[in-house]
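**Student:** Predicted model follows, preceded by the sequence.
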Amino acid sequence: MTPELLALTLAALLQAVQFAVYSVLAQMQVGSRYAASSRDTPRQLTGIAGRAQRALSNHFEGLILFGIAVTVVTLADQSTTLTQNAAWAYLVARVLYVPAYLFGWNPWRSLIWFVGFLATFTMLIAAML
């Protein structure tokens with residue numbers, strides 16, 4: 001397994017952990033009865049549960065682009081030290097992004113997000129060169 005694929009696998013596992021954290025926090029806020037219901041009447045999550053929901057959604061968005069970058073690098077056989085370091089930078093940024101979002105580390109949350117985005121962009125550009 002290439003380092004880029006390993007980073008992608010770990011990012012997917014991080015997504016699963018984020019989903020579990022979000023689920024627990026959301027259920028604590030809305031109660032187990034509502035959580036198990038059909039949720040015909042939506043409820044807006046607030047506080048840390050709302051931030052966990054938004055962080056999870058953000059990771060889904062970022063993971064799509066990162067997955068594309070890893071796929072392109074892998075299929076084009078363009079794995080280099082640069083793409084490997086960028087993949088690890090993306091993963092570290094995503095790990096740091098979770099507490100940054102949950103605990104409102106402003107402006108660090110946005111800077112951490114940008115590092116992950118830049119790492120993904122770097123991988124895509126490097127694969128074309």
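**Tutor:** Looks like it came in fine.
**Student:** Quick one: the helices in this protein, in order.
**Tutor:** Per DSSP state H, the chain carries helices over the ranges 3-30, 32-35, 47-75, 81-102, 108-128.
**Student:** Go through the ones you listed and find the least confident stretch.
**Tutor:** Comparing mean pLDDT over those, the weakest stretch is helix 32-35, at a mean of 72.
**Student:** Which of the helices of the chain sits closest to residue 41?
**Tutor:** Closest of the helices of the chain to residue 41 is helix 32-35, at 8.7 Å (criterion: C-beta to C-beta). Backbone N, C-alpha and C define where each C-beta goes, glycine included.
**Student:** Export only the CA atoms of stretch 58-71, formatted as CSV.
**Tutor:** Extracted in CSV, the C-alpha atoms of stretch 58-71 (Å, rounded to 0.1, in the frame of the first residue of the first chain):
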residue,chain,number,x,y,z
ASN,A,58,-16.8,19.3,6.0
HIS,A,59,-14.8,16.1,6.2
PHE,A,60,-17.1,14.4,3.7
GLU,A,61,-16.5,17.3,1.3
GLY,A,62,-12.7,17.3,1.8
LEU,A,63,-12.5,13.5,1.7
ILE,A,64,-14.0,13.5,-1.8
LEU,A,65,-11.3,15.7,-3.2
PHE,A,66,-8.6,14.0,-1.3
GLY,A,67,-9.8,10.6,-2.5
ILE,A,68,-9.7,11.9,-6.1
ALA,A,69,-6.1,13.2,-5.5
VAL,A,70,-5.0,9.9,-4.1
THR,A,71,-6.6,8.0,-6.9
